[in-house]
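Peer 1: Turn this into a model:
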Amino acid sequence: MDHQAFAQLLGNYGEFVGAIAIVVTLVYLAVQVRHSKEATEANTKVAKATTRQALADGMQRLGSDVVENDDIARIITDGMAGVELKPHETFRLQCRCFRDLRFFDNAFYQFKEGLLTNEEWEPIRMNLALVMQFPGYRGYWDSFQIMFSNEFRVELDSILSGELLIDVRAGFGVTQERPRDDT
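Peer 2: Next comes the predicted model:
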């Protein structure tokens with residue numbers, strides 16, 4: 001066998017080994033992509049579960065101070081009914097409104113980011129609509145809505161425009177859809 005034929009034979013073997021290396025690399029990459037996808041799906045499930053638990057904890061905290069503190073309960077009840085409050089009581093009510101609306105703003109953000117489904121967001125949205133029927137919250141919103149995200153302001157404005165009406169006089173959870181006026 002002459003040198004040229006031997007060089008050709010070595011070249012063929014090199015191409016064969018190179019082709020095998022490419023196939024092995026592609027198989028390795030496919031396995032890595034599959035593992036990465038599985039890890040991403042698992043992380044997404046954990047993030048959704050964590051978000052859901054945080055929202056449940058937040059919902060419980062919204063009412064806990066009213067249950068545990070008669071003074072706060074009176075301030076909130078009077079403020080929600082539109083009773084004139086003393087300056088320090090007004091401040092406490094405003095702090096409460098800020099905290100509660102920040103919770104709803106965060107929940108809406110989680111919904112927009114895909115961590116809450118529409119089915120999970122809708123009851124929270126209905127609670128928000130209920131809260132906003134009270135004069136104390138409505139007055140706070142009118143004065144301080146700039147402190148919240150633009151997307152949340154648009155969402156809450158759509159609720160306040162009458163898209164979803166909750167009759168607080170009839171009790172909690174009584175809803176009726178109001179026709180949208182798109183004119």
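Peer 1: All the helices of this protein, residue numbers only.
Peer 2: Using DSSP state H, the helices of the chain run over 3-68, 70-81, 87-112, 118-131, 135-144, 150-158.
Peer 1: now this protein, which segments are flagged as low pLDDT?
Peer 2: 1, 45, 48-49, 51-52, 55-56, 58-62, 163-183 (pLDDT under 70).
Peer 1: In it, which residue is most central in space?
Peer 2: Note on the chain: the residue nearest the mean C-alpha position is residue 110, at 1.4 Å, using CA atoms, centre = their mean.
Peer 1: That residue contacts residue 124, correct?
Peer 2: No. The criterion here is CB atoms under 8 Å, and residue 110 misses it with residue 124 at 9.4 Å. In short, each C-beta sits where N, CA and C put it, glycine included.
Peer 1: quick one: residue 18 from residue 7, how far?
Peer 2: According to CB to CB, to the nearest Å, residue 18 stands 16 Å off from residue 7.
Peer 1: what sits against the residue lying closest to residue 160 once chain neighbours are set aside?
Peer 2: Spatially, and ignoring its direct neighbours in sequence, residue 160 is nearest to residue 132 (6.1 Å; CB to CB, 6 or more residues apart in numbering). Each residue near residue 132 by CB atoms under 8 Å, 6 or more residues apart in numbering is listed here: 138, 141, 156, 159-160.
Peer 1: Report how many residues lie close to residue 42.
Peer 2: 10 (other CB atoms under 10 Å).
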